[in-house]
Every structure is written in structure tokens, then in C-alpha cells.
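> heads up, no residue letters with this:
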């Protein structure tokens, strides 16, 4: 068996190919609408449909293993989008649950309750990346590729993966709901996925990834995204420089829309 074949036979890559096949069977109109509310996540155990809907951030249907099953579920989601995006979020949530999404019991957590808040933040950033880009802050135009990317359970999970066509670079975003000086985590992720063996697997995976496949990339840039520090000082610049990563701060704000 050839070296390339060994990597292509990895379950996560096999499921990436299945997810891509199902996604590519959709019409462009359906893809455009669905990608603003959902994305696909291949894993070693199947495919997950992940929601970025504000009332169900990062909730999903897991363990899908067949192209026809995934395509059928995507078609149903498209058909039911009017219900899923309506004003009555209780009814929308009930419908999403009936379709197989595993929802959290507490939809409105206390400000410091933990993982739900991080889910909100992660889903919001993905929605932002789909509608805009991070060019002003990063000096590079970056689009969303994947969430919670991981090869093996418990090791080097990447919160959000982005890609720049301009610089042909991957971006690994590590999201933190509070400020932190633990820059080594994203730096370790970059090092882990840049190693010779893991780079082969990563390139094979991303070349077959659903929605936004990446055929090649030159390198990986790590970025920590955390809550804005009003009195930021040079320590953050030093932290970024010492670990060869980027640091972005986010601010909570309100978007206004007319009916």
C-alpha cells in the first residue's frame, strides 16, 4: 500500500469525502442559504451537521456515515429553514430538536457559566467570517473552513480553521472567553499539525473537506482571540512575538436590524 493511500484510508478523510459528495449534490442556491446556518464536520466516527443558529450555537447531529443520509438531512434543513429561523425561537428550537440536533437545556446562561458562552462566541465568529473577513485586523483576507478540527480525541483540537487565498495560509484560531497569557496552546497546535506526518494527513483531509476544501497551503498561522482589554499594553505584543502567533481582542456589541 502506498504512503498516500495509508493517509487517504483514515476514517476522518473517508468521511470528509462522503460529506463533500453530499454537499456537492446540492444546488448552489441551497448551498448559499445553508452555509450561513450550518456547516459539516468530518470526524473519525462519522459526520456532524453543526448549527451556528444563535439559539443553538454549535449544536449538532452526529454520527452520519452515508452520503444519501447526509444529503437527505441537508434537504430537510433547507425545506425547514423558514421554521428554524422564525421569530418564535421556542418553536424553532423544538423543530431543530425533532430533526435530531442535541440542544443544551440552558439556552440563556449566566455571563460566566462556561461552555455555553464559548459556544455562543464560536458560532458568532463563524457567522462573521462567512459574511465578512478579518482583513482589517490580520492584514489578510480569511474565510471559514472548519470548526473543532481534530485527528485524535483529546489531542490538539483547533477551535476554528480559516484560510487565506491571498497568502495561501491556514489560520488556527483559539477562542477564549476571557483574557489569557496561555499562548502556548495555539502555538503547540501549529507545531503539531506542521510536523511531517500530521501535515500529510491534514493536507489530505482539507483537500477533501466539505464546503470549503483547501487544495494546498504554505504554512499555518496561530491566533488567540479573547475579550478586549481596555488597558492593553506591550505585554500582549511581546506574548505574540515570543510565541510567533497573533492576538485579536473581541468586543461585545449589538447589531441593529429593521424588520
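Perfect, I can see it now. Bear in mind that the values here come from a model prediction, so they are computed numbers and not experimental data.
> Closest to the centroid, which residue in this structure?
Geometric centre of the chain, nearest residue: residue 147, 2.2 Å, by C-alpha atoms, centre = their mean.
> and it, which of the three is it?
On the three-state scheme (DSSP: H, G, I helix; E, B strand; the rest coil), residue 147 is labelled strand.
> got it, and residue 161?
The local conformation at residue 161, judged by three-state DSSP, is strand.
> so who does it touch?
Going by C-beta atoms under 8 Å, 6 or more residues apart in numbering, residue 161 touches 144, 145, 146, 147, 149, 170, 171, 172, 173. From N, CA and C alone the C-beta is placed, and that goes for glycine too.
> just to revisit the earlier point, does the residue nearest to the centre of the chain really touch residue 40, like I thought?
No. Counting by C-beta atoms under 8 Å, residue 147 stays clear of residue 40, with 9.9 Å between them.
> Which neighbours do these two have in common?
Joint contacts of residue 147 and residue 40 (C-beta under 8 Å, 6+ apart) are residue 50.
> Next one, pLDDT for residue 219 please.
Per-residue pLDDT puts residue 219 at 95.
> Roughly how far does it sit from residue 123?
In this view, residue 219 and residue 123 are 27 Å apart by C-beta to C-beta, to the nearest Å.
> Tell me the helices and strands packed up against the helix ranked longest in the chain.
Longest helix in the chain by number of residues (criterion: DSSP state H): helix 115-131. Counting contacts by 3 or more C-beta pairs under 8 Å, 6 or more residues apart in numbering; DSSP states H and E, helix 115-131 packs against strand 143-149, strand 158-164, strand 169-175.
> The last one: partners in the sheet, and parallel or antiparallel?
With DSSP bridges as the criterion, the sheet partners recorded for strand 169-175 are strand 158-164 (antiparallel), strand 219-227 (parallel).
> Could I get the full set of strands for this structure?
Remark: strands assigned in the chain by DSSP state E are 38-43, 46-51, 60-64, 143-149, 158-164, 169-175, 219-227, 246-250.
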